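A.B. asks: Whatever this is, show me its structure:
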Amino acid sequence: MVIIVDSDGIIGSLNPNDAHYSSCHKILSKLIGKNIRFLYPATTIVESITFLQGRLNQPELASKLLDLIKENRLDIAPVDKKLLQESSRLMHLKGSKHHTLFDCIVAAVAEEYKADAIFSFDHFYKTKGFKLAEDLK
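C.D. replies: Sure thing, here's the model as predicted:
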């Protein structure tokens, strides 16, 4: 089973003050023991570190995420020209300001890897035909 991890899944898992912290850990505990490949788009990691360091002023959490990268503990999906082109196909600039190119990249990675779900709380992905990790049985 392949699950693509979005930034709200990363941040919600790391930050005890996040609104999704409890939900993230319930979902993760439900998935423990299953044969799951968690895949992190490179851009999602960059977005998450930037958000943790800047907007949330949580450099220690950003550092934890950097350590996971340094220790090669994350399965990172590269974002190349082809994926960026696919993402641009999904992007609607006149739509919601909350649905960004980062979200479209996550969706394109999910398509590319034929993901079973996306670890996110953004219902944008459902409108694109994806299942969220919280909906897995």
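A.B. asks: Mind giving me the packing neighbours of the helix or strand harbouring residue 43?
C.D. replies: Assigned by DSSP states H and E, residue 43 falls within helix 42-50. Counting contacts by 3 or more Cβ pairs under 8 Å, 6 or more residues apart in numbering; DSSP states H and E, helix 42-50 packs against helix 7-14, helix 59-70, strand 75-77, helix 101-112. To be clear about C-beta, it is placed using only N, CA and C from the backbone, and glycine gets the same treatment.
A.B. asks: in that helix, what counts as buried?
C.D. replies: The neighbour-count check on helix 42-50 (16 or more other Cβ atoms under 10 Å) flags 42-45, 47-49 as buried.
A.B. asks: Same check on stretch 62-82?
C.D. replies: 62, 65, 68, 74, 77, 79.
A.B. asks: measure that stretch end to end?
C.D. replies: 28 Å (Cα to Cα, to the nearest Å).
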